[in-house]
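Dropping a prediction and its sequence here:
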Amino acid sequence: MKKKYLILLFMLLFVTTACSCDNVPVSEVNKDTPDSSVSNPVGLIGEDISVPESVMNAAQGYVQKQFDYWSEFTGCYQLIGGEQQMVGEPAIYDNWRIEGLSMVYQYENLDSQKLDLYQIDYRLHTTTPDKVQTFIAGGMDLDDEGWLLPTYPNSTYLVFSVEDEEKPVYLFSLMENDCSPGSDLFTSDLINTLRNQYREEIQDAI
């Protein structure tokens with residue numbers, strides 16, 4: 001079903017065959033539809049999305065970084081000479097779109113922080129779907145119009161620290177396809193990521 005769209009980390013997501021796959025500013029917002037704007041690299045934003053500006057900026061940056069990654073790499077690894085090496089030729093992409101972005105959970109006090117979790121659904125548009133078909137795996141999906149979901153559906157979360165309700169601060173992304181926010185497993189993974197980030201910040205400050 002076609003929808004109208006408004007034009008507009010630190011993690012690389014790995015999907016197996018061994019196939020793998022956050023705050024780049026977008027300079028302007030344009031208006032158009034997906035069909036007529038796939039050549040415009042600014043990106044598309046679902047018109048029913050309503051989030052704080054800082055959340056939208058982080059989401060745009062995250063998807064832009066995914067766009068940049070997949071434009072350069074296939075994300076496919078093979079064991080060659082005893083070592084995992086990326087193989088294949090990257091597909092060509094000309095646009096991205098954010099199909100969904102909404103707050104799905106809030107931790108009032110997790111590791112002494114108030115956190116908002118936003119689920120993001122996005123796709124990248126390729127002009128070379130034949131190349132994408134050579135490395136598509138896991139939960140990835142390519143529709144008939146060349147829009148690629150490069151990860152598992154409904155599984156990417158953007159995590160924000162909330163001191164000011166109007167200006168949540170982006171921390172990092174999480175990909176969880178076997179548990180949901182608030183569950184013990186999800187919460188444990190979130191705490192571990194928070195603490196790892198904190199340790200890295202301490203190391204950078206030394």
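Perfect, thanks for sending it.

mind listing what G139 touches?
The contact partners of G139, taken as C-beta atoms under 8 Å, 6 or more residues apart in numbering, are 15, 149, 151-153, 155, 177. Glycine gets a C-beta too; all of them are placed from N, C-alpha and C.

Buried members of those into ChimeraX, please.
Applying 16 or more other C-beta atoms under 10 Å to the contacts of G139 leaves a buried subset, and the ChimeraX line that selects it is:
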select :15,149,151,152,155
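
Cross the contacts of G139 against helices and list the overlap.
Counting by DSSP state H, no part of the contacts of G139 is found in helices.

Just send the contacts of G139 back as TSV, with pLDDT too.
As requested, the contacts of G139 are exported to TSV (pLDDT from 0 to 100):
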residue	pLDDT
V15	35
L149	97
T151	96
Y152	96
P153	96
S155	97
N177	94
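
mind exporting the longest strand anywhere in the chain as CSV, just the C-alpha atoms?
As assigned by DSSP state E, the longest strand anywhere in the chain is strand 93-110. In CSV, the C-alpha atoms belonging to strand 93-110 read as follows (Å, rounded to 0.1, in the frame of the first residue of the first chain):
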residue,chain,number,x,y,z
TYR,A,93,21.1,3.3,-3.2
ASP,A,94,19.6,6.6,-3.9
ASN,A,95,17.2,7.3,-1.0
TRP,A,96,16.0,6.3,2.4
ARG,A,97,12.7,6.6,4.2
ILE,A,98,11.5,6.5,7.8
GLU,A,99,8.2,4.6,7.8
GLY,A,100,7.5,4.6,11.6
LEU,A,101,9.0,6.3,14.6
SER,A,102,7.2,6.3,18.0
MET,A,103,8.0,6.0,21.7
VAL,A,104,7.2,2.4,22.8
TYR,A,105,8.6,2.3,26.3
GLN,A,106,9.9,4.4,29.1
TYR,A,107,12.2,3.4,32.0
GLU,A,108,11.6,5.8,34.9
ASN,A,109,14.8,4.8,36.7
LEU,A,110,17.2,2.5,35.0
